[in-house]
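[1] have a look at this prediction, sequence included:
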Amino acid sequence: GGGGGGGGGAEMLDDHELGGVQVTAQSRAALMQKLSRGQEYLGMGGPPGMPIGMGMLPTYQPPPAAHVAPPAPSLANMTGLPPHQPMPSDCMLLVNMFDPTAETEPNWHVEIQDDVSDECSKFGVVQKCVVDRNSPNGLVYLKFNNPDSSFKAAQALNGRFFAGKAISALYLSHVIFDKFCPVNT
């Protein structure tokens, strides 16, 4: 079967039920023009959930300052960072976790490793946590048992403040992790 197209160049939008809407090319063009002319009524700066006009984006209204998450620090001018990737991996790198010039305790890196491991164990099994003691960027390498745990940790930690600095969480491939992760003794 099939409802077939009507005459006069009209397209049948609902050809399986009787009484479907028929739209000609001219009536479709007229409808689109009306919709585009009515853009000021269709969500431009209106309340959330209001329909948006064809091809138009609503005006962004930022939330009150108290609800805005702090921006993640810019990594553009940082040198010495290993290549990272946008896709979640079970390996990740936390940037800005400490300032090595401000650390004075003999085993300060062990304390940071323990704190980070404890905090990140909320998101999954931490298989490895290593502080790069020589990094001016405060790098901590983490390896989870799966990418989902790493993703949850990155969502929770990115932009969060630790020791007065905004943290960035970056995903690393296994190859990059194994190449750059230091062996602390």
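    Received the coordinates, thanks. Numbers count the residues shown, from 1 in each chain.

[2] from now on I want contacts and neighbour counts done on CA atoms only, so please keep to that.
    Fine.

[3] strands along the protein, start to end?
    Per DSSP state E, the chain carries strands over the ranges 11-12, 22-23, 91-95, 126-131, 140-144, 161-162, 165-166, 168-172.

[4] now tabulate the ones you listed in JSON lines and tack on distance to Gln113.
    Shown next, in JSON lines, are the strands of the chain (distance: least, C-alpha to C-alpha, whole Å):
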{"stretch": "strand 11-12", "distance to Gln113": "66"}
{"stretch": "strand 22-23", "distance to Gln113": "66"}
{"stretch": "strand 91-95", "distance to Gln113": "11"}
{"stretch": "strand 126-131", "distance to Gln113": "6"}
{"stretch": "strand 140-144", "distance to Gln113": "8"}
{"stretch": "strand 161-162", "distance to Gln113": "13"}
{"stretch": "strand 165-166", "distance to Gln113": "17"}
{"stretch": "strand 168-172", "distance to Gln113": "15"}
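
[5] and these as a markdown table, adding mean neighbour count and distance to Thr104?
    A markdown table is the format used below for those (neighbours: other C-alpha atoms under 10 Å; distance: least, C-alpha to C-alpha, whole Å):
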| stretch | mean neighbour count | distance to Thr104 |
| --- | --- | --- |
| strand 11-12 | 17 | 77 |
| strand 22-23 | 16 | 76 |
| strand 91-95 | 25 | 20 |
| strand 126-131 | 20 | 15 |
| strand 140-144 | 24 | 18 |
| strand 161-162 | 14 | 17 |
| strand 165-166 | 18 | 18 |
| strand 168-172 | 24 | 24 |
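
[6] in contact with Leu142, which residues?
    Taking C-alpha atoms under 8 Å, 6 or more residues apart in numbering as the criterion, Leu142 is in contact with Cys91, Met92, Leu93, Leu94, Val126, Gln127, Lys128, Cys129, Val130.

[7] may I have the beta-bridge partners of it?
    Met92, Cys129 (DSSP bridges).

[8] any idea how far Tyr141 is from Lys179?
    11 Å (C-alpha to C-alpha, to the nearest Å).

[9] could I get the contacts of Leu142 as JSON lines with pLDDT and distance to Leu170?
    Output for the contacts of Leu142, formatted as JSON lines (pLDDT from 0 to 100; distance: C-alpha to C-alpha, whole Å):
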{"residue": "Cys91", "pLDDT": "95", "distance to Leu170": "9"}
{"residue": "Met92", "pLDDT": "95", "distance to Leu170": "5"}
{"residue": "Leu93", "pLDDT": "95", "distance to Leu170": "5"}
{"residue": "Leu94", "pLDDT": "95", "distance to Leu170": "6"}
{"residue": "Val126", "pLDDT": "97", "distance to Leu170": "16"}
{"residue": "Gln127", "pLDDT": "97", "distance to Leu170": "17"}
{"residue": "Lys128", "pLDDT": "96", "distance to Leu170": "16"}
{"residue": "Cys129", "pLDDT": "97", "distance to Leu170": "14"}
{"residue": "Val130", "pLDDT": "97", "distance to Leu170": "15"}
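
[10] good, we can wrap up now.
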